[in-house]
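Peer 1: The sequence and its predicted three-dimensional model are supplied below.
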Amino acid sequence: MVDLTNCDREPIHIPGTIQPHGVLLALTEPDLSIIQVSANTTTLLGLSPQHLLGQPLGVLFTPEQIALIQEGLSSTQIEEQKFHNLTLALGGSGQPFDLIVHRMAGTLILELEASAQSDQALALRVYRMVKQTVIACQRTTSVREFAQTLVTAVRGLTGFDRVMVYQFQADGSGVVIAEEKSETVEAFLDLRYPASDIPRQARELYLRNWVRLIPDVNYQPVALLALDADHAREPLDLSFASLRSVSPIHIEYLKNMGVHASMSISLVRHNQLWGLIACHHEHGPVYLPYDIRAACEFLGHMVSLQIGDKEATEDTAYRLALQEVQSALVQHMSVANDVLDGLTRFQPNLSDFITAGGTAVCMDGRCVTLGTTPPQALILQLVDWLHQEMEDTIFATNALPSVYPPITPFMTIASGLLAVRLVRARPNYLLWFRPEVVQTVNWGGNPAKPVEVVAGSDLLSPRKSFEVWKQTVTNTSLPWHDCELAAARDLRRAIIDLVLYKVDELARLNEELTRSNVELDSFAYVASHDLKEPLRGLHNYAHFLIEDYGEQLDASGTEKLETLVRLTQRMENLIDSLLHYSRVGRAELTRVAVDLNAELADVLHLLEPRLREDGVAIRVTRTLPTIQADPARVREVFANLIANALKYNDKSQKLIEIGYDLIAAGDGSKTFAFYVSDNGIGIAEEHHDTIFRIFKRLHGRDAYGGGVGAGLTIVKKIIERHGGTIWLTSQLNQGTTFWFTFGASTL
Ligand code: ADP
């Protein structure tokens, strides 16, 4: 069965062959005799493998050179760690070579690569570039800026057509975060690679071997020849050999991309492969001298030490930005006195908080969206689902369609979801949506090409790996970071604190209001009671003046005195109303079962003369219920409302309708809502509150039969003392309906 794990199983560290741009020798210690040799020695060294196998090192090197090599062997810890010994001319004459030595599983491995004469000027230039790059990288403040500095420097050092920094994600896939390239090659910036592009064991090798050069993908592998069957039995472990042959899958992969030469430099953080500096050349092979490779390797080591810093700086900057937006949001919510408005209506708003494609706030059946989100109806369904499923207060996924299939048609915009529940009792949620990860790269080659199996093996071609990856990234968004989850939790906490604070404040204000109401009631009582007496005196004395001295006054004097009498009379009416109002506020209610039909009949009976006089049609729509209330007060409510319905009516055929409906109370139970409706003059919307204020009249003092403007204030007081509410609906010139309840306890 051909599958991708083949790539993970391919033994790439023991290929049995090398690349042809150098010679590899394997030696035993301490005698330093040659036990394996690459088959290309004749071409490169002028000596056939048969001349070398079984020979001591002296066959190639002078005694001085051997002494230098031995010095390196003893003084350097070369187990799994290469050392570049010398640039030397073999046997003291001819072509100079770079000699790279390392020890692997007890065998000494020497690699020889033809080199240019050592060049002091180049070495100095390279040293300066590395030093400047390390300093420039230090100054950067974000990972991307850091990576950009690196690719610019590495391209300057090596001259590759394209140099990228490729960063691994948590799922093993990678993304190109920086690129420096020649104009002739395609841009790969921001493209993503599947995890399978770099199989597990290749990653392990990158971790151990920081620089890997493939000068020419079209090379012919060179076999390793062993001294005898004994030495041929165990394949040579070439994990650390620079010349190690490349996996045919990787070669095909590079060819598919049109790459002729490649190099990678590992970037390591906390002993994990964090990323790679990947270099590509499309125009011919690249033979980089060892010095440059060593400089790249050194650079890789130096900058790897800085990665943690850059990530921390970037993280801190993001965290700070999140905190700033959070405080602005809290302020907006506080001023707007509404969570939903505060989060969505001002700048900055919730879309400036955690990075996402779209966000939604769902509160008490209302839902506001910002940015790109699924349709509201679907969001509300999603919220219902979350409310059933969510255990914790927070839920985050980067593969929403796999847990919530109804979202699938919208996966391009909502593959990722971060949801925060505000309270368990109600489905109030903050939601962030992230789009599906964009995959545009045809990384593994022509997608129209069928999957290929590498000839003679069951290994897969890279085409397949791309296809498989595409399936795994479909329906997937970028992941949510820990700091984002923490920020979402913090925002939730802040909202809850704010709401609790507002509730506290409201409770405090209510308490204050109740206290001042009580005070006002007693003040009104005392004031009106005590004012009445001198007022009575004023009234009487004015009256006496008219009676006893009327004849001595002229007409104007008499008129003024009469006005005085009228005014004192009016003032007395006002004081009586105030007194009555304060009594309603202070007196205990006597709650008994009240048959509203009987009470209403009493009221209508009292009003009978006026009703008849005005020819009013009264309709009681259905038999009224019996409720728990204070009967005298109930009568007062109906009397006042019916009197007003009569008073503020200019129609020739006046109609008054009385009835009730059952409505839902705040706690979900049902309660009676009574109404008194008329076809009178109506009340403009802007007066719907003011009419309940004491002594507030909308008309001239004597218009519509006059009045002191206390009736509705007293009605409201009575209703509120019963635990009920009063409200109205009205149309100017068409009529008004006053609705009222006597509290939930009336059923
Ligand atoms: P008053 O009737 O003594 O003026 P109220 O407190 O009963 O005092 O009413 C306050 C004001 O509300 C009235 O002046 C009137 O303008 C308005 N009002 C009350 N009931 C009605 C009604 N049914 N239709 C139109 N206006 C009304």
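Peer 2: On my side now, so go ahead.
Peer 1: quick one: contacts for residue 397?
Peer 2: Contacts for residue 397 (C-beta atoms under 8 Å, 6 or more residues apart in numbering) come out as 403, 416-417. Every residue, glycine included, has its C-beta placed from N, CA and C.
Peer 1: wait, is residue 635 part of a strand?
Peer 2: No. Assigned with DSSP: H, G, I helix; E, B strand; the rest coil, residue 635 falls outside any strand and is helix.
Peer 1: and it, how many neighbours does it have?
Peer 2: 18 (other C-beta atoms under 10 Å).
Peer 1: circling back to that earlier point, any chance of the contacts of residue 397 in CSV, plus neighbour count and pLDDT?
Peer 2: Putting the contacts of residue 397 into CSV (neighbours: other C-beta atoms under 10 Å; pLDDT from 0 to 100) gives the following:
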residue, neighbour count, pLDDT
403, 12, 95
416, 25, 94
417, 25, 97
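Peer 1: Closest to the ligand out of the residues you listed?
Peer 2: residue 417 (52.9 Å; C-beta to the nearest ligand atom).
Peer 1: Figure out the helix or strand that that closest one lives in.
Peer 2: Using DSSP states H and E, residue 417 sits in strand 416-421.
Peer 1: Show residues contacting that strand.
Peer 2: Residues from elsewhere that reach strand 416-421 (C-beta under 8 Å, 6+ apart): 354, 356, 382, 386-387, 390, 393-400, 404, 407, 427-435, 476-480, 484-485, 488-489, 491-492.
Peer 1: run the last query once more with 7 Å
Peer 2: 354, 386, 390, 393-398, 400, 429-434, 477-478, 480, 484, 488, 492 (C-beta atoms under 7 Å, 6 or more residues apart in numbering).
Peer 1: Which ones among those residues lie within strands?
Peer 2: 394-397, 429-434 (DSSP state E).
Peer 1: from these, which single one is nearest residue 645?
Peer 2: Closest to residue 645 out of these is residue 429 (46.4 Å), distances taken as C-beta to C-beta.
Peer 1: got the CA positions of stretch 376-389 in CSV?
Peer 2: Below are the C-alpha coordinates for stretch 376-389, written out as CSV (Å, rounded to 0.1, in the frame of the first residue of the first chain):
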residue,chain,number,x,y,z
GLN,A,376,-27.2,35.9,11.3
ALA,A,377,-29.8,33.1,11.2
LEU,A,378,-26.9,30.6,11.1
ILE,A,379,-25.1,32.4,13.8
LEU,A,380,-28.2,32.2,16.1
GLN,A,381,-28.4,28.4,15.4
LEU,A,382,-24.7,28.1,16.1
VAL,A,383,-25.2,30.0,19.4
ASP,A,384,-28.1,27.6,20.3
TRP,A,385,-25.8,24.7,19.6
LEU,A,386,-22.9,26.2,21.6
HIS,A,387,-25.3,26.8,24.5
GLN,A,388,-26.1,23.1,24.6
GLU,A,389,-22.6,21.8,24.0
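Peer 1: The ligand next: which of the contacts of strand 416-421 are close?
Peer 2: Among those, no residue is within reach of the ligand (C-beta under 6 Å from any ligand atom).
Peer 1: Summarise which helices and strands the longest helix along the chain is packed against.
Peer 2: Using DSSP state H to define each element, the chain has its longest helix at helix 482-549. When contacts are defined as 3 or more C-beta pairs under 7 Å, 6 or more residues apart in numbering; DSSP states H and E, helix 482-549 sits against helix 290-336, strand 394-397, strand 416-421, helix 555-586.
Peer 1: Return the most buried member of those.
Peer 2: Across the helices and strands packed on helix 482-549, the average number of neighbours (mean count of other C-beta atoms under 10 Å) peaks for strand 416-421, which reaches a mean of 23.
Peer 1: partners of that one in the sheet?
Peer 2: Applying DSSP bridges to the sheet, strand 416-421 is found paired with strand 394-397 (antiparallel), strand 429-434 (antiparallel).
Peer 1: In TSV: these, plus distance to residue 266 and mean pLDDT.
Peer 2: Formatted as TSV, the strands paired with strand 416-421 follow (distance: least, C-beta to C-beta, whole Å; pLDDT from 0 to 100):
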stretch	distance to residue 266	mean pLDDT
strand 394-397	31	96
strand 429-434	30	96
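Peer 1: Would you format those as a markdown table with distance to residue 544 included?
Peer 2: Formatted as a markdown table, the strands paired with strand 416-421 follow (distance: least, C-beta to C-beta, whole Å):
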| stretch | distance to residue 544 |
| --- | --- |
| strand 394-397 | 83 |
| strand 429-434 | 76 |
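Peer 1: pLDDT score for residue 470?
Peer 2: We have a pLDDT of 53 for residue 470.
Peer 1: Check residue 455 too.
Peer 2: pLDDT at residue 455 comes out at 45.
Peer 1: Find the nearest non-adjacent residue to the spatially most central residue of the chain, please.
Peer 2: The centroid of the chain falls nearest to residue 354 when counting by C-alpha atoms, centre = their mean (3.6 Å). Computed as C-beta to C-beta, 6 or more residues apart in numbering, the closest residue to residue 354 that is not its neighbour in sequence is residue 484, at 4.9 Å.
Peer 1: how far is the longest helix of the chain from where the chain is centred?
Peer 2: Distance, stretch centre to chain centre, for helix 482-549: 44 Å (C-alpha atoms, centre = their mean, to the nearest Å).
Peer 1: Next up, the contacts around residue 395.
Peer 2: Applying C-beta under 7 Å, 6+ apart, we find residue 395 in contact with 386, 419.
Peer 1: Tell me what it is bridged to.
Peer 2: When bridges are called by DSSP bridges, residue 395 pairs up with residue 419.
Peer 1: From residue 156, how far off is it?
Peer 2: Distance, residue 395 to residue 156, using C-beta to C-beta, to the nearest Å: 47 Å.
Peer 1: and what of residue 336?
Peer 2: Taken as C-beta to C-beta, the span from residue 336 to residue 156 is 54 Å.
Peer 1: can you check residue 481 too?
Peer 2: 33 Å.
Peer 1: Ok, residue 565 next?
Peer 2: Counting by C-beta to C-beta, the gap from residue 565 to residue 156 is 107 Å.
Peer 1: what do you get for residue 710?
Peer 2: According to C-beta to C-beta, residue 710 and residue 156 sit 90 Å apart.
Peer 1: Can you pick out the residue with more neighbours from these two?
Peer 2: residue 710 (22 against 14).
Peer 1: what sits against the more buried one?
Peer 2: Shown in contact with residue 710 (C-beta under 7 Å, 6+ apart): 577, 581, 694-695.
Peer 1: what about residue 101, is that helix, strand or coil?
Peer 2: When classified by three-state DSSP, residue 101 comes out as strand.
Peer 1: ok, what's across the strand from it?
Peer 2: Here residue 101, judged by DSSP bridges, has bridge partners residue 83, residue 110.
Peer 1: give me the number of residues near it?
Peer 2: Count around residue 101 with other C-beta under 10 Å applied: 21.
Peer 1: Confirm for me that it is in contact with residue 70.
Peer 2: No. Residue 101 is beyond contact range of residue 70, at 10.4 Å (criterion: C-beta atoms under 7 Å).
Peer 1: got the contact list for residue 351?
Peer 2: Contacts of residue 351 by C-beta under 7 Å, 6+ apart are 359, 370-371.
Peer 1: For residue 671, give its distance to residue 579.
Peer 2: In terms of C-beta to C-beta, residue 671 sits 31 Å off from residue 579.
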